[in-house]
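Asker: Predicted structure and sequence below. I'll ask about it afterward.
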Amino acid sequence: MPLIDILNTDIIDLEVQGTTKDEVLHYMANVLLKNGYINDVDVFVKDIYEREAEGPTGMGSHLSIPHGKSNAVLRNGIMIGKTVNPIRWESSMSDDGYQDTHLIFLFCVSADKEFARNHMMLLSELAGKLGNDVRVTKLSQAQSKEEILNLILCEDEELGEVDKVLNEEEIVDLDIDF
Amino acid sequence: MKIVAITACTAGIAHTYIVAEKLQKAAEELGYDIKVETQGSAGIENELTAEDIGNADVVLYTHDIAIRGANRFKGKKIVDVPISVAMKQPKSLLSTIEKKLAAKQ
């Protein structure tokens, strides 16, 4: 199955309303409900929070990737939302532990292990694409659904360059014992 | 430097795969050889073979949950870090490992 099979423009929303993480998660869960991806907003959001409690899902470049497995999921997919307001989000990338999020990739995954394994492979392929900093930077600047889809589907080589220099701080306190 | 790595995160949906890609990119840029096995919701992918492991200078665990099949790495040099380190500083992580390896030899 090609990657595009897991993507659906009906669950891409460029004007996600809300000023807090809780508001935008509920807003997005409602879009998933309307489109037949989940059958219960509260159960789904609760399961997302369960994963959130285990570690930050902000991954820098104003992008967050909340995810979790839920019994409320009827169909695996990914909801992509651009928020109207900056959303304060726990982040693994910043020193104070928070980032301003503008773009959200909400993974909608069934808790049933055997369910749609094909889709799980596609979601993992999609997640892998977010390991490319150039793609993530460009996604955070994308203005249309088409642009977002193209950035996800294109090969790494087609991404080109970004103006922003992506610097990494040295690890000084890494304890390696051989 | 030849590295074999395993990524495994709690939900097995996102970070496992993102970090695998980041490690791959970082290794390419730094000129290291790497193979990354992902242990996530899609099962074990890109599984490390006995030959991969035998040829590796170092084994890198990037994980928040237990690694499956850890007995495959008996006698190897192992570096063990949480997923977040590889998420935030993949290049520094690999270059630091190389420095430490060089210092040992």
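Answerer: It's in. Predicted model only: the values in this text are computed from it and were never measured.
Asker: which residue sits closest to the closest residue to chain B within chain A, ignoring its sequence neighbours?
Answerer: Nearest to chain B, among the residues of chain A, is residue A:131, at 2.5 Å (CB to the nearest CB). (C-beta placed from N, C-alpha, C; glycine too.) Nearest residue to residue A:131, sequence neighbours excluded (CB to CB, 6 or more residues apart in numbering or on different chains): residue B:21, at 2.5 Å.
Asker: so which helix or strand takes in the one you found?
Answerer: Per DSSP states H and E, residue B:21 falls inside helix B:15-30.
Asker: Residue B:37 against residue B:4, yeah?
Answerer: Yes: at 7.4 Å, residue B:37 counts as touching residue B:4 under the criterion of CB atoms under 8 Å.
Asker: which neighbours do the two share?
Answerer: Here residue B:37 and residue B:4 have residue B:48 as joint contacts, going by CB atoms under 8 Å, 6 or more residues apart in numbering or on different chains.
Asker: hey, where'd the strands end up in chain B?
Answerer: B:2-8, B:33-40, B:43-45, B:58-63, B:78-81 (DSSP state E).
Asker: who does the third one pair up with?
Answerer: If I follow you right, that is strand B:43-45. strand B:33-40 (antiparallel) (DSSP bridges).
Asker: mean confidence score for the partner strand?
Answerer: For strand B:33-40, mean pLDDT is 97.
Asker: surely the residue nearest to residue A:131 meets residue A:133?
Answerer: No: Residue B:21 lies out of contact with residue A:133 (CB under 8 Å); the separation is 10.0 Å.
Asker: Which residues of chain B lie near chain A?
Answerer: Contact residues, chain B versus chain A (CB under 8 Å from any CB of the partner chain): B:10-11, B:13-22, B:24-25, B:38, B:40-42, B:45, B:64, B:77-79, B:81, B:83-85, B:87-93, B:96-97, B:100-101, B:104.
Asker: Can you flag the buried ones in these?
Answerer: Using 16 or more other CB atoms under 10 Å in any protein chain shown as the burial test, the residues of chain B next to chain A include B:10-11, B:13-22, B:24-25, B:38, B:40-42, B:45, B:64, B:77-79, B:81, B:83-85, B:87-93, B:96-97, B:100-101 as buried.
Asker: What is the burial count for residue 94?
Answerer: Using chain A. Residue A:94 has 15 neighbours, counted by other CB atoms under 10 Å in any protein chain shown.
Asker: To clarify, I was referring to chain B.
Answerer: 25.
Asker: got the residues of chain A near chain B?
Answerer: Checking chain A against chain B by CB under 8 Å from any CB, the hits are A:51, A:54-57, A:59, A:65, A:67-69, A:92-93, A:107, A:109, A:113, A:117, A:120-121, A:123-125, A:127-133, A:168-171, A:174, A:176, A:178.
Asker: Restricted to helices, list the residues you listed.
Answerer: Judged by DSSP state H, those include A:51, A:117, A:120, A:121, A:123, A:124, A:125, A:127, A:128, A:129, A:133 as members of helices.
Asker: Which ChimeraX command selects the buried ones in those?
Answerer: Only the buried entries of these go into this ChimeraX selection, using 16+ other CB under 10 Å:
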select /A:51,120,121,123,124,125,127,128,129,133
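Asker: what comes into contact with stretch B:85-103?
Answerer: A:59, A:92-93, A:168-171, A:174, A:176, A:178, B:1, B:3, B:7, B:15, B:18-19, B:22-23, B:25-27, B:29-30, B:32, B:34, B:57-58, B:60, B:62, B:77, B:79, B:81.
Asker: switch the cut-off to 7 Å
Answerer: A:59, A:92-93, A:168-171, A:174, A:176, B:1, B:15, B:18-19, B:22-23, B:26-27, B:29-30, B:32, B:57-58, B:60, B:62, B:79, B:81 (CB atoms under 7 Å, 6 or more residues apart in numbering or on different chains).
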